[in-house]
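*Asks:* structure of the sequence below:
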Amino acid sequence: MHYFVQATVPSTRPCDIINSFPATGENYEKVIQSLRNRFGREELFVEFYIRELLGLIIKNVSDQRGNCSISELYDKLE
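*Replies:* Below you'll find the model as predicted:
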């Protein structure tokens with residue numbers, strides 16, 4: 001639990017959620033679940049990565065030097 005407190009910025013919503021639970025090992029999963037419920041919007045991550053991938057594909061097609069390898073595309077996406 002102390003890791004969560006140290007890893008967050010004081011006086012922010014995530015920090016407030018973490019501090020709302022007593023600092024015990026039993027509450028570790030509860031804190032994670034609360035943070036996921038509040039901030040873990042996976043559909044936004046999927047949308048972001050699809051847009052990034054589409055941008056790389058469009059750039060690769062319009063690139064005058066030819067096609068990038070799959071490993072180059074992967075490195076750019078990271």
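
*Asks:* tell me who's in contact with the residue nearest in space to the middle of the chain.
*Replies:* Nearest residue to the geometric centre of the chain (Cα atoms, centre = their mean): F45, 6.7 Å. By Cβ atoms under 8 Å, 6 or more residues apart in numbering, the contact list for F45 is empty. No exception for glycine: its C-beta is placed from N, CA and C like everyone else's.

*Asks:* after the helix or strand it falls within, next one along is what?
*Replies:* Assigned by DSSP states H and E, F45 belongs to helix 42-62. Next helix or strand after helix 42-62 toward the C-terminus (DSSP H and E): helix 70-77.

*Asks:* need the contact partners of that following helix.
*Replies:* Y49, E52, L53, L56, I57, N60, C68.

*Asks:* ok, back up a step: could you check the pLDDT of the residue nearest to the centre of the chain?
*Replies:* With respect to pLDDT, F45 has a value of 79.

*Asks:* and if you look at L35?
*Replies:* So, for L35, pLDDT stands at 92.

*Asks:* likewise I17?
*Replies:* 93.

*Asks:* helix or strand for it, which one?
*Replies:* helix 13-19.

*Asks:* from the contact counts, what lies against that helix?
*Replies:* helix 2-7, helix 28-39 (3 or more Cβ pairs under 8 Å, 6 or more residues apart in numbering; DSSP states H and E).

*Asks:* got a markdown table for those helices, with mean neighbour count and distance to P14 too?
*Replies:* Shown next, in a markdown table, are the helices and strands packed on helix 13-19 (neighbours: other Cβ atoms under 10 Å; distance: least, Cβ to Cβ, whole Å):
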| stretch | mean neighbour count | distance to P14 |
| --- | --- | --- |
| helix 2-7 | 11 | 8 |
| helix 28-39 | 13 | 6 |
